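*Asks:* Can you look at this prediction? I've put the sequence above it.
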Amino acid sequence: MVDRPNKPSAISPVGSAAAPQPSVDISSDNSRITARLPTGESVEVLLYGATVISWKNGNGAENLWLSEKAVLDGSKAVRGGIPVVFPVFGPPPKDHATSALPQHGFARNNRWEYLGKSSSESAPLSKSGAGDDTVKLDFGLYSSALPEDARKKWPYDFGLVYSVTLGREGLQTMMNVRNEGKEPFEFQVLMHTYLKVSDISKTTITGLLSAPYIDKVLNATAHTESNHAISITGEVDRVYHSLKQSTTSVLEDGKPRYDVVRDNLDDTVLWNPWTEKAAGMGDFYPKDGFKHMVCVEVGAVNSWTKLDGGESWEGGQLIKSLL
Ligand SMILES: O=P(O)(O)OC[C@H]1O[C@@H](O)[C@H](O)[C@@H](O)[C@@H]1O
């Protein structure tokens, strides 16, 4: 066979020296994993909470808001990025098995195990056949590895595998929950994504028209969304539920900035703390940072998902950065 000197890389055999591969690095203090595509996109995940703390486009533009005073040393849940909420969303109800847990559960403030990486050309996030253009990082949290205190407060046997896949088209985060015990358990799960925006006054949210929601700012009263494009001009804390449309979009100046596509999750929380709530959070900085973020949080939080012993469940999101 005669090789052509200018052979396009698209037909290079997978894994050949010619095909650039994604890189995955573990920080020297073993606290975080960074993955990078040959085209420049990157994602950084803190093992504490399996919290995605940075997701950049190929041109270096950051997509996630992270507080300048976010605590990253494993002593407090991270303010920004994508904290994982499990097995309860918000303050736990008094009459439920999660009642002794802290707000948003224990997944975001325990250290996860890095299970490894895999790359693929055929995953849904691939754009071309030029080398491995997605990389998937898997993280695990198991009841057996939880500190005694958390285990006592929610005494079920479970295994969580959280997969973070970086592609040229976006970032996918998927949660797999498995009941490893014999007793059934109920859980809620949510991906608390802080999306970075350049100016909240020019930001609108679409895809929620006609959706029912609980407004936590208005004493948890029930409403129906009447706006095609939602503007944020004050504190917003709403649980949209039973959603039919799979995509919620964030627009800046009327132009698409992010698409958030839900997978087997029916609810989406829209949150912006605005002036007063931001002022009250010690780890929220700068104090006017609420002008540069909006949380679009996909989840299953309006009711409980029940898993019998041995059963498993999976759900997640694909976020497309449209810059
Ligand atoms: O301060 P925390 O525990 O990270 O929660 C932040 C916010 O998270 C949102 O998901 C809730 O709807 C809000 O009510 C809450 O204030």
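*Replies:* Sure, I can see it.
*Asks:* In contact with Pro273, which residues?
*Replies:* Glu235, Met281, Phe284, Phe290 (Cβ atoms under 8 Å, 6 or more residues apart in numbering). For every residue, glycine as well, the C-beta is placed using N, CA and C.
*Asks:* Out of the residues you listed, which is nearest to the ligand?
*Replies:* Checking the contacts of Pro273 against the ligand with Cβ to the nearest ligand atom, the nearest one is Met281 at 6.3 Å.
*Asks:* Contacts only, for the closest one.
*Replies:* Arg79, Pro273.
*Asks:* near the ligand, which residues of this protein?
*Replies:* Ala77, Gly90, Gln103, His104, His192, Lys216, Asp237, Val269, Trp271, Glu297 (Cβ under 6 Å from any ligand atom).
*Asks:* Can you list the low-confidence ranges for this protein?
*Replies:* 1-18, 121-132 (pLDDT under 70).
*Asks:* mind listing the helices for it?
*Replies:* In the chain, the helices defined using DSSP state H lie at 148-153, 274-280.
*Asks:* Provide the strand pairings for the lengthiest strand in the chain, with the direction of each partner.
*Replies:* The residue-count maximum for a strand in the chain (DSSP state E) belongs to strand 293-307. Strand 293-307 has the following strand partners under DSSP bridges: strand 185-191 (antiparallel), strand 194-196 (antiparallel), strand 267-272 (antiparallel).
*Asks:* Distance from the second one to the middle of the chain?
*Replies:* Centroid separation between strand 194-196 and its chain, computed with Cα atoms, centre = their mean, to the nearest Å, is 10 Å.
*Asks:* Same question for the last one.
*Replies:* Distance of strand 267-272 from its chain centroid, counting by Cα atoms, centre = their mean, is 13 Å.
*Asks:* For Gln245, see how far away Glu256 is.
*Replies:* You called it Glu, but residue 256 is Pro. According to Cβ to Cβ, to the nearest Å, Pro256 stands 15 Å off from Gln245.
*Asks:* pretty sure Pro134 is touching Ser119, no?
*Replies:* That one is not Pro; residue 134 is Thr. Yes. Counting by Cβ atoms under 8 Å, Thr134 does reach Ser119; the two are 6.3 Å apart.
*Asks:* that older thread, between the contacts of Pro273, which sits nearest Lys152?
*Replies:* Closest to Lys152 out of the contacts of Pro273 is Met281 (28.4 Å), distances taken as Cβ to Cβ.
*Asks:* could the helices of the chain go into CSV alongside mean neighbour count?
*Replies:* What follows is those, written out as CSV (neighbours: other Cβ atoms under 10 Å):
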stretch, mean neighbour count
helix 148-153, 13
helix 274-280, 14
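*Asks:* Now render these as JSON lines, adding distance to Phe187.
*Replies:* Below are the helices of the chain laid out as JSON lines (distance: least, Cβ to Cβ, whole Å):
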{"stretch": "helix 148-153", "distance to Phe187": "14"}
{"stretch": "helix 274-280", "distance to Phe187": "26"}
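*Asks:* residues near Glu225, how many?
*Replies:* Glu225 has 17 neighbours, counted by other Cβ atoms under 10 Å.
*Asks:* check contacts around it.
*Replies:* Here Glu225 is in contact with Leu208, Leu209, Ser210, Ala211, Pro212, Tyr213, Tyr240 (criterion: Cβ under 8 Å, 6+ apart).
*Asks:* most surrounded residue in those residues?
*Replies:* Neighbour counts for those peak at Tyr240, which has 25 neighbours (criterion: other Cβ under 10 Å).
*Asks:* End to end on stretch 274-287, go ahead and measure it.
*Replies:* End-to-end distance for stretch 274-287, by Cα to Cα, to the nearest Å: 9 Å.
*Asks:* Could you tell me which residues within stretch 199-210 count as buried?
*Replies:* Ile200, Thr203, Thr204, Ile205, Thr206, Gly207, Leu208 (16 or more other Cβ atoms under 10 Å).
*Asks:* Distance from the chain centre to that stretch, please.
*Replies:* Worked out by Cα atoms, centre = their mean, stretch 199-210 lies 19 Å from the chain centre.
*Asks:* rewinding a little: which residues do Thr134 and Ser119 both contact?
*Replies:* Shared contacts of Thr134 and Ser119, counting by Cβ under 8 Å, 6+ apart, come down to Pro22.
*Asks:* Looking at the two now, which is surrounded by more residues?
*Replies:* The residue with more neighbours, out of Thr134 and Ser119, is Thr134; 25 against 21, by other Cβ under 10 Å.
*Asks:* Return the set of residues that bridge with the more buried one.
*Replies:* Taking DSSP bridges as the rule, Thr134 bridges to Ser120, Gly167.
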